[in-house]
Each structure stands twice: as C-alpha cells, then as structure tokens.
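Student: here you go, sequence then predicted model.
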Protein chains: 2
Amino acid sequence: MDGGGERNLEVPRTIRWSDGKVILLDQRKLPLKEVYITCHDPRQIAKRIRNMTVRGAPAIGVAGAMGIALAALRSRASDYEDLMDDLRRASKILKATRPTAINLSWAIDRMLMKAKAFRGDVEVLRRLLIQEAQRMAEEDIEANKALSDLGEELLEDGDSILTYCNAGALATIGWGTALGIVRSAVRRGKRIHVYACETRPLLQGSRLTTYELSLEGIPVTLITDNAAAYCMNRGLVKKVIVGADRIAANGDVANKIGTYALAILARHHGIPFYVAAPTSTIDPSKPSGASIPIEMRDPNEVKSIGGRRLAPETVEAMNPAFDVTPSELVTAIITEKGILWPPFQESIRKLLKHQL
Amino acid sequence: MDGGGERNLEVPRTIRWSDGKVILLDQRKLPLKEVYITCHDPRQIAKRIRNMTVRGAPAIGVAGAMGIALAALRSRASDYEDLMDDLRRASKILKATRPTAINLSWAIDRMLMKAKAFRGDVEVLRRLLIQEAQRMAEEDIEANKALSDLGEELLEDGDSILTYCNAGALATIGWGTALGIVRSAVRRGKRIHVYACETRPLLQGSRLTTYELSLEGIPVTLITDNAAAYCMNRGLVKKVIVGADRIAANGDVANKIGTYALAILARHHGIPFYVAAPTSTIDPSKPSGASIPIEMRDPNEVKSIGGRRLAPETVEAMNPAFDVTPSELVTAIITEKGILWPPFQESIRKLLKHQL
C-alpha cells in the first residue's frame, strides 16, 4: 500500500531529547548541510527559536516544551516552590522569543499546568516533565498523521498543489501538516505534483520544502513567490494548502508573510485554499486576526541573503514575518480532530467545546 | 521649484554612444559596483541584452538601435545592398535575444526602415544611422519626461506608491517611466513615499529601484514581493505604478513576473493600478496578451542568488520572466501622448490612429 516506499529517504528529525539534552537540526543550513546543535538549558533553546535554527509553529511548540523540561532538569531546586519559580522564569524567556505562533505558549502552558497539578517529590516531577515533553513530540506526529489522513481525501489523483513556506516534517516533529497531506495522498497511491513558493526572505520553500519532497521522490517545482498567480492563471494549480501559526476564534489565519496574497489570488482564480494545522494552533482567546501579534523581523533579512548584501546599505526595509488571511478567503481548515468548514466561528467553537 | 534639488546625485546613464562604441552600465553589478562595459559590434550588444547587463524595455530598445548603428559602422560593405544585408543579419541576432519587450524590435525596425528609405552614399547612411540611434536615446528621455508630467497629476501630496521591478532611469536612457512619474511629482514639491518590491529572482527592485531613489533622496521602503498584500491591507499603499514590456491592442500588459499578482491584489483592496510606458511599448499587432510571447529564463536564476545556491541542486524550477495583466485590472495607461483610460481597445486605437 506504500506506493513511494522504496524511494523514501529519511527526512531528518527536527528535535530530539537525548540523554538530558535537546538536539536540534539547524534548519538555517539546509539543504546544503545537515548540522545538529545541542542545547543544555532553556536559554539555549530560546536562542535557537529566536534565530530560527528551529522553526515551524508545531516544532517551536515542542522545542518550548523541551526547554521547560531542560529547566526542570538543570534547576538546583530541592523543593517544589523553588522548582516552580525556575520553570516560570524559563517559561518567560522561552515565550518572549517569537510572538506569532501560538503553539509555543500553548506547549509551555501545558508543561506548566502539568507541574502545577503535581504534588510530590521534585525528582519525580523532573522525570514527569521530561516524559511530558517527549510525549508532546510523539503526539505532534500523531496529530499530523491524523489530519493528513483527513486532508488527503480532499485531493484527487493527478492534482497539483501549491504550497507556501514549509509546513512539512521539518516544521513539525515529523510528517508535517500541509506537506503531510501530500505525503498521505502519495502513500495512498495518488499522483500529486507540488508547486513550492520559495518564500522570501528566509526561503523555507526553496531550502526546506523542495528538499523534503525530493527526499521522498514527490515531484516538486520551485517557483518565486511572485510566479504563483502566473501558475494559477495557466491552470497549473488545482488546490492551495498552507500551514498556520495561529488561528483566531473566527477562523482568521496568521501564517508566513505572503499567505494572505496567495489566498486572494486563489479566490480570484476560483481555486480552493486549505489551511492545515493541529488544533493546538487555534487560539480561542483571539476573537479575530486583528489581535494576533505580528512579528517584525530584522530588515537585513530582506536586504541580504546568507550574508550577501543585495540592496544599498542604508536603504530602509520592512520585514513583517507573518500576515493574516481573513477567514472569508479560507475554504476549509484541516485539523487532526476533523475538517472545519465555514462558518468557522461556529465550527471552531463546536470543535473546542467537544475537546473539553 | 526643485524641492530635492540640492540632494540630487546623478543616476548613472545606462547607455552611451561614444566614439564609435557603445558604453553600457552593467546593471547586474549594481548597487554594489558601478561597472561599464564597452561594446564594439552588434554581437556584443546582443550578448549584453541576453545576459541582462542592460535591461528594461525602453533601454533594450535603444541598445538594439545602437547595435544596428554598430553594425553599420563595422560593416565593410561598400555598396548599399551589402550594407543592408549586414544590417538585416545584425537585426536578426539582436531581435533573438529577448522575446517579450516589444521596444527591442520596434527600435530595430525603425533603424531598418530609416536605412531602407535611404538612397545615396553608404558612408552617409552609416552616419545617418549612428545619428538616428542617438536621437532615439534622446527621444526616450523626452517621452519619459512627457509621460511623467502627465502621470504626476494623478499623484497627490503625501501619496505612498508601490512599484515593482525597476521602471526607472535605469530601465530607460534616463528619467524613467513609473519612477519618472514619482520623480516629476517630487520635483513639483509633492511628498511621495515609495514601497519597492524586491522583484525576485533578479532583484531589480532591491538592487536598482532603491538605489536610484536613494540617490535622489526620495523616501523608499524595500519589501519582499510577498509583503505587498500586507502593505495594501494596512493602508500603506495609495497607488500602484508599474512599467510595461509590451501592451496588446486591447490593453493587456506584459510586464515582469509578479505584476499580474499585484494587479489582482490592488483590485482586491480598491487601489488604483497604473501602467506607465512610452507608446513604443504598444504592439497593435497583438490583439490580446494571450499572443505575447513570455520568455522562460534559466531555472538557476530561481535556485541561486549571485552564484550562491539556495535550493537542492537537482530540484526542478520554473522561471517565467513575465506575466500578462488583463486590461480589466488596469486603471489607466500613462503614455507620453496622453493617459489612456478604459475601454482600452478604443483609447489605444484612437491614440495610434492619431499618431499615424
């Protein structure tokens, strides 16, 4: 049943807990080099989230959880309250790294809640938190596979899919969201062609998505972001599937800068626009996308590539890392608990109620 | 009357005829280095058009004309028919370089017509053709200034303009089209802020537009192409102005890949979308954009920047250099002979009739 099985090479694992340390794949170096970074404490994790050694909303969620586990392990506290103080300190440092993806604070809060609910020996709590972080990593893969199985039913044999940034195994612990759906469709024997937008400024599309799909022999064509409309106009794109960094209660979707433009272009060409994300990406505390904080990153990311300057040194550049796609432009949101259809306010409310 | 006068530094001249040679500014090296290339014959000009040492529809038109002038000068023909044969050979080589911009064949055809209409001494014809090519360079600047004077009336004090690629002095012989309009507005005392899309893959926006505007002290903010919709949504963009490589009889506009997307985004946000181009960009032989040839360039332009590879070596990439914006998405076309409004079929027909 595994059509592409014999061609598969392993997509490297983004985050691993190993013997009291966290090993991160340095995604900034891909696809040219496969380099791993070892983190011993939450500050090192925070640095690696901020500088995008690890990126992708689900992946930074798990990285945050492992940061809390490292805090528990490294803390010298011998009583519960002191340990909790150390965890809260670590939580603050970790949450301050990147503001837009909700998975980060979701995962950290889950770790803290686990700790708060615990009463007993701090050594037991330490082990519990380490287990919890590892469990969250496994759950991430399971959620991705579940949403991919649901989402792949939306794809037809012969479809060509346009995707953006990297919402694949490299954005998660494994399997991926948008690319997970493609992966599941291919495993079930459907022929799928992917158009990958390069995704300036950090080129997650050209560096990571093409790399990840090529490893598995899934056909992929790289295009500049500005060529998406041309491809849609020529009938090359049947569906758009993207990931998400945060989904508001009304279904507005914060995702990598440029997603909003793709949604407008898809609507203009009558092409379905799907968002694939685990339910941990939904933030019911935000009524709409207007209240989702948008990270502004270093303008030098726009003015240069890999240290090579492209623009005059003194020129001003603006570098919003995300944008918000209003829910009106979204065809469906594919989660591990089910596919959400408009009106999203209602379908999201129902899903979350069911979850409690 | 010249508000920015004292700050002005000279934008370097793209093409100069000098003592029987053609001097081209190497635009691939800007803004880091100002390098000039000397061409002695039409083959050298053809190479420099193809590899984009010189680029921009009006500029490559004049480069083509100067290529014909070089052919006349270098030809050893001593009679008229032999000289015409050499000119036709050069014309074929020059026209084969880049298919989309019509200005190239327009300019070459004008040179050939001049030669065909001539009867007399071949030495006189040689001088005549050299003069004609230089006249076309001067006419380009005049046309740009004329269309800029008309176009600037569409801008208001305080406007912020989004532009794409480089339709400036560097895309022409001087002054520019889309940026010429901004330049004229600023000279008349209007405060204009420009958002420059970087324009992947060759980054004419980040390398050339920001450079050219910075030289004159016109405020400019560089953004990635995928951030245009974000800026429109935030109310940062009041008007879009782009250049053109070819305009069909019905007003469809072929221009740098990504222009079509901007036009859709502008329409979605209710923002006027203006095209600025000299009448030599209009090709009445093409009923619509569907019959305009779109140049497909080397996929490696997408996979790398300045020799630095960004994507896996074997991945497939698609690199259309242009797209077509249907006339329904165009608010007005600003030419040196007047501003064209919809229905463009009619306004273009009238303009060209008037021209004959």
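Tutor: Yep, that arrived.

Student: OK, contacts around A:Pro166?
Tutor: That one is not Pro; residue A:166 is Asn. A:56, A:179, A:199, A:204-205, A:207-209, A:212 (C-beta atoms under 8 Å, 6 or more residues apart in numbering or on different chains). The way it works is simple: take the backbone N, C-alpha and C, and place the C-beta from them, glycine included.

Student: for A:Ile93, which non-adjacent residue is closest in space?
Tutor: A:Ala46 (5.0 Å; C-beta to C-beta, 6 or more residues apart in numbering or on different chains).

Student: okay, the one you found: pLDDT?
Tutor: If you check A:Ala46, the pLDDT there is 98.

Student: so does the helix or strand bottoming out on mean pLDDT in chain A get close to chain B?
Tutor: Of all the helices and strands that make up chain A, strand A:304-305 has the lowest average by mean pLDDT, DSSP states H and E, namely a mean of 82. Yes - with C-beta under 8 Å from any C-beta of the partner chain as the criterion, chain B is reached by strand A:304-305 at A:Ile305.

Student: picking that back up, pick the one among the contacts of A:Asn166 closest to A:Arg349.
Tutor: Distance to A:Arg349 across these (C-beta to C-beta) is lowest for A:Gly56, with 26.8 Å.

Student: name the helices or strands packed onto the least confident helix or strand of chain A?
Tutor: For strand A:304-305, the contact count by 3 or more C-beta pairs under 8 Å, 6 or more residues apart in numbering or on different chains; DSSP states H and E identifies no helix or strand as a packing neighbour.

Student: which residues does that strand contact?
Tutor: Where contact means C-beta under 8 Å, 6+ apart, the residues beyond strand A:304-305 that reach it are A:201, A:203, A:310-311, B:305, B:308, B:310.

Student: need the residues that contact whichever helix or strand comes after that strand.
Tutor: If you walk from strand A:304-305 toward the C-terminus, the next helix or strand you reach (DSSP states H and E) is strand A:308-309. Residues external to strand A:308-309 that are found in contact with it (C-beta under 8 Å, 6+ apart): A:303, B:32, B:305-306, B:308.

Student: what strands line up against strand A:308-309, and which way round?
Tutor: Applying DSSP bridges to the sheet, strand A:308-309 is found paired with strand A:304-305 (antiparallel).

Student: ok now the strand it pairs with, how far from the chain's centre?
Tutor: For strand A:304-305, the distance from its own C-alpha centre to the chain's C-alpha centre is 23 Å (C-alpha atoms, centre = their mean, to the nearest Å).

Student: contact residues of the stretch 101-250 of chain A facing chain B?
Tutor: Counting by C-beta under 8 Å from any C-beta, the residues of the stretch 101-250 of chain A close to chain B are A:197-201, A:203, A:206-207, A:210-211, A:214, A:219-231, A:233.

Student: using ChimeraX, define a selection of the buried residues within those.
Tutor: For the buried members of those, the matching ChimeraX selection, counting by 16 or more other C-beta atoms under 10 Å in any protein chain shown, is:
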select /A:197,198,199,200,201,203,206,207,210,211,214,220,221,222,223,224,225,226,227,228,229,230,231,233
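
Student: please identify which of the contacts of strand A:304-305 is nearest to B:Ile192.
Tutor: Proximity of these to B:Ile192 was ranked by C-beta to C-beta; the top entry is A:Ala311 with 19.5 Å.

Student: for the closest one, the count of nearby residues, please.
Tutor: Summarising burial for A:Ala311: neighbours were counted as other C-beta atoms under 10 Å in any protein chain shown, giving 28.

Student: check what pLDDT it gets.
Tutor: 94.

Student: likewise A:Val302?
Tutor: On pLDDT, A:Val302 comes in at 96.

Student: helix, strand or coil: sort out it for me.
Tutor: helix (DSSP: H, G, I helix; E, B strand; the rest coil).

Student: next, count neighbours for the nearest residue to it once chain neighbours are set aside.
Tutor: With sequence-adjacent residues excluded and distances taken as C-beta to C-beta, 6+ apart, A:Val302 is closest to A:Ala317, at 4.3 Å. Applying other C-beta under 10 Å, we find 23 residues neighbouring A:Ala317.

Student: which ones among the residues of the stretch 101-250 of chain A next to chain B map onto helices?
Tutor: Secondary structure from DSSP state H places A:210-211, A:214, A:228-231, A:233 of these in helices.

Student: between which two of these is the distance greatest?
Tutor: Comparing every pair within those by C-beta to C-beta identifies A:Tyr211 and A:Asn233 as the most remote, at 27.6 Å.

Student: ok now do the residue nearest to A:Val302, which residues does it touch?
Tutor: A:299-300, A:302-303, A:311, B:221-223.

Student: if we can go back for a sec, between the contacts of strand A:304-305, which sits nearest A:Val186?
Tutor: Nearest member of these to A:Val186, counting by C-beta to C-beta, is A:Leu203, at 23.9 Å.
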